[in-house]
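Participant: sharing a model that was predicted from the sequence below.
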Amino acid sequence: MIDEKLEDVYAEVLRRNPGEAEFHQAVGEVLESIGPAITKHPEFARRKIIQRICEPERQIIFRVPWETDDGEVQINRGFRVEFNSALGPYKGGLRFHPTVNLGIVKFLGFEQIFKNALTNLPIGGAKGGSDFDPKGRSDSEVMRFCQSLMTELYRHLGEYTDVPAGDTGVGGREIGWMFGQYKRITNRYESGVLTGKGIEWGGSLVRTEATGYGAVFFLEEMLKVRGQGIEGRTCVVSGSGNVAIYAIEKLLQEGAVVVGCSDSGGIIHDPDGIDLAVLKEIKEVERGRICDYSERRPSAVYTEGGNIWDIPCEVALPCATQNELTGRDATKLIANGCIAVAEGANMPTSPEGVRVFQDAGVAFGPGKAANAGGVATSALEMQQNASRDSWSFEHTEGRLRSIMEGIHASCYETAEAYGSPGNYVVGANIAGFERVARAMVALGLI
Ligand code: GLU
């Protein structure tokens, strides 16, 4: 329920942003949580902080023309929504996926504001991307696309202005091609303008692993306050991209058993435990599909179009995409014995699913807290770039772990202080919001 003081604000967001269902969902979820913070800080309402937070500072939409290997002209649409820079330069990933549209980029950019605030690092919120589909494209096609996108986007970027990174469909390879084009156009080796770079040319160790590792660290913190641990627990991780792979890696290092993963084509159930080396070979080296996994692992069953949440587990990590886990899925997971959920993806659980988990007392870590390790490590990459330094894996992983512990503590304590103990959704929304709102008040009406 949205506090009545915020009903008009929400109605206005719906009216001004028609048809953007995911953006409405993301705003609705934050507004449902922050009522008590508005009561506590009347100056936030006076300064119309919420109305300002819901309106991006700048939205850029542009044409991205490129040619296939056969010489056929293609036209895609590029986006960058620079949502909020009260805490630092705009920061957030670029997503290349056919489902990308303005509403998706706005939902992701909006979430990013609060996520970045929770890290306690100096980064504002943004998101971008394109409806370009990299699936089945050759290296040269993807490179030409990245160069064309950057030829327009570069004028909006800068290490003190806007610092993109990867998201779905954008990894180290794409960041390399975009960084190369930025460097060529500007004639500047401006390392801090993009994160997720390769380690030989300005990247940070642990950035690749950070989102997945961070989600597991957050999960461990949630279990710890309940006097529980992750060792020996059966886990299911949806997806098989970068976030899922490194969530699985950390779960295995911590002694858990991971019995399922997925891609958009189907699901793998491997009761003996996912063989991470095989999965990495297929996804990272061959850029293949997980249906190949079951051919190499006799213990595994591949189900085309199956529902991963039907696989029994104690811990679920949705690491694929938005709204992939519904109310029905949450009910099924609970019936199968699920006690904890940490979101590695952005908004993967539907509002109904979140309610089902919370009503059942499942430890539920929302994405803006649980998956903040990726962007936090991007901020550590920016620190290393600024000081022309590079840190060891151990040091960087230690920083990541303590950042995730800090995020957990601030969500946990904020939820308690506002009368919703154990509710990490309320804790994350209020803690993130308060930090941004304080900075916005301090910076005046801009
Ligand atoms: N796309 C990631 C996220 O959703 C990382 C963004 C970044 O590192 O800037 O947080």
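Facilitator: Everything's here; your move. Numbering: from 1, shown residues only.
Participant: could you use CA atoms for every contact and neighbour count after this?
Facilitator: Noted.
Participant: what count of nearby residues applies to residue 173?
Facilitator: Around residue 173 there are 17 other residues, counting by other C-alpha atoms under 10 Å.
Participant: buried set for stretch 42-52?
Facilitator: 44, 49-52 (16 or more other C-alpha atoms under 10 Å).
Participant: near the ligand, which residues of the chain? Just list them.
Facilitator: Residues of the chain lying close to the ligand by C-alpha under 6 Å from any ligand atom are 91-93, 164-167, 372, 374-375, 378.
Participant: that older thread, want to throw the buried residues of stretch 42-52 into TSV with distance to residue 350, secondary structure and pLDDT?
Facilitator: Formatted as TSV, those follow (distance: C-alpha to C-alpha, whole Å; DSSP: H, G, I helix; E, B strand; the rest coil; pLDDT from 0 to 100):
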residue	distance to residue 350	secondary structure	pLDDT
44	29	helix	97
49	26	helix	98
50	23	helix	97
51	24	helix	98
52	25	helix	98
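Participant: ok, and what's touching the host helix or strand of residue 441?
Facilitator: Here residue 441 is covered by helix 424-443, with elements defined by DSSP states H and E. For helix 424-443, contacts defined as C-alpha atoms under 8 Å, 6 or more residues apart in numbering pick out 30, 33-34, 37, 44, 47, 49, 86-87, 113-118, 364-366, 368-369, 410-416, 420.
Participant: for the longest helix seen in the chain, what is the average pLDDT?
Facilitator: Longest helix of the chain, by residue count under DSSP state H: helix 393-417. Averaging pLDDT along helix 393-417 yields 98.
Participant: what packs against it?
Facilitator: Helix 393-417 makes packing contacts with helix 207-225, helix 367-370, helix 373-386, helix 424-443 when contacts are defined by 3 or more C-alpha pairs under 8 Å, 6 or more residues apart in numbering; DSSP states H and E.
Participant: find the nearest non-adjacent residue to the residue most central in space within the chain, please.
Facilitator: Nearest to the mean C-alpha position of the chain, by C-alpha atoms, centre = their mean, lies residue 346 at 4.5 Å. Counting by C-alpha to C-alpha, 6 or more residues apart in numbering, residue 367 is the residue found nearest to residue 346 once chain neighbours are left out, at 5.3 Å.
Participant: wait, doesn't the one you found sit right on residue 349?
Facilitator: No. Checked against C-alpha atoms under 8 Å, the pair residue 367 and residue 349 is beyond contact range at 9.1 Å.
Participant: list residues touching both of the two?
Facilitator: With C-alpha under 8 Å, 6+ apart, residue 367 and residue 349 have common neighbours residue 343.
Participant: which residues touch the residue in the stretch 151-300 of the chain that the ligand sits nearest to?
Facilitator: For the stretch 151-300 of the chain and the ligand, the shortest gap (C-alpha to the nearest ligand atom) falls at residue 167, measuring 4.0 Å. Residue 167 makes contacts with 93-96, as judged by C-alpha under 8 Å, 6+ apart.
Participant: out of the residues you listed, which are inside strands?
Facilitator: Within these, residues falling in strands by DSSP state E are 93-96.
Participant: where does residue 60 sit: helix, strand or coil?
Facilitator: At residue 60, secondary structure determined by DSSP: H, G, I helix; E, B strand; the rest coil is strand.
Participant: helices along the stretch 101-250 of the chain, start to end?
Facilitator: Here the stretch 101-250 of the chain has its helices, by DSSP state H, counting those that start in this stretch, at 102-118, 139-153, 172-186, 207-225, 242-253.
Participant: for the last one, buried residues please.
Facilitator: Buried residues in helix 242-253, counted by 16+ other C-alpha under 10 Å: 242-252.
Participant: again, but for stretch 264-277
Facilitator: Those would be 266-270, 273-275, for stretch 264-277 by 16+ other C-alpha under 10 Å.
Participant: quick one on the thing from earlier: how about the helices of the stretch 101-250 of the chain in a markdown table, adding mean pLDDT?
Facilitator: Formatted as a markdown table, those follow (pLDDT from 0 to 100):
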| stretch | mean pLDDT |
| --- | --- |
| helix 102-118 | 98 |
| helix 139-153 | 98 |
| helix 172-186 | 98 |
| helix 207-225 | 98 |
| helix 242-253 | 98 |
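Participant: got a list of what the spatially closest residue to residue 308 that is not a sequence neighbour touches?
Facilitator: Leaving aside its chain neighbours, residue 308 sits nearest to residue 267 (5.9 Å; criterion: C-alpha to C-alpha, 6+ apart). Going by C-alpha under 8 Å, 6+ apart, residue 267 touches 260-261, 290-291, 302-308.
Participant: now rank these by neighbours and give me the top one.
Facilitator: The most crowded member of the contacts of residue 267, judged by other C-alpha under 10 Å, is residue 261 (31 neighbours).
Participant: wait, that one touches residue 269, no?
Facilitator: Yes. Using C-alpha under 8 Å, residue 261 makes contact with residue 269 at a distance of 7.1 Å.
Participant: still on that earlier bit, so which of the helices of the stretch 101-250 of the chain is the most surrounded?
Facilitator: helix 102-118 (a mean of 27; mean count of other C-alpha atoms under 10 Å).
Participant: can I get the CA coordinates of that one in CSV?
Facilitator: Output in CSV follows, covering the C-alpha atoms of helix 102-118 (Å, rounded to 0.1, in the frame of the first residue of the first chain):
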residue,chain,number,x,y,z
LEU,A,102,12.7,3.4,-22.7
GLY,A,103,10.5,2.0,-19.9
ILE,A,104,13.0,-0.8,-19.2
VAL,A,105,15.9,1.6,-19.1
LYS,A,106,14.0,3.9,-16.8
PHE,A,107,13.1,1.1,-14.3
LEU,A,108,16.7,0.0,-14.3
GLY,A,109,18.0,3.6,-13.9
PHE,A,110,15.6,4.3,-11.1
GLU,A,111,16.6,1.1,-9.2
GLN,A,112,20.3,2.1,-9.8
ILE,A,113,19.9,5.4,-7.8
PHE,A,114,19.0,3.6,-4.6
LYS,A,115,21.3,0.6,-5.2
ASN,A,116,24.3,2.9,-5.7
ALA,A,117,23.3,5.0,-2.7
LEU,A,118,23.3,1.8,-0.5
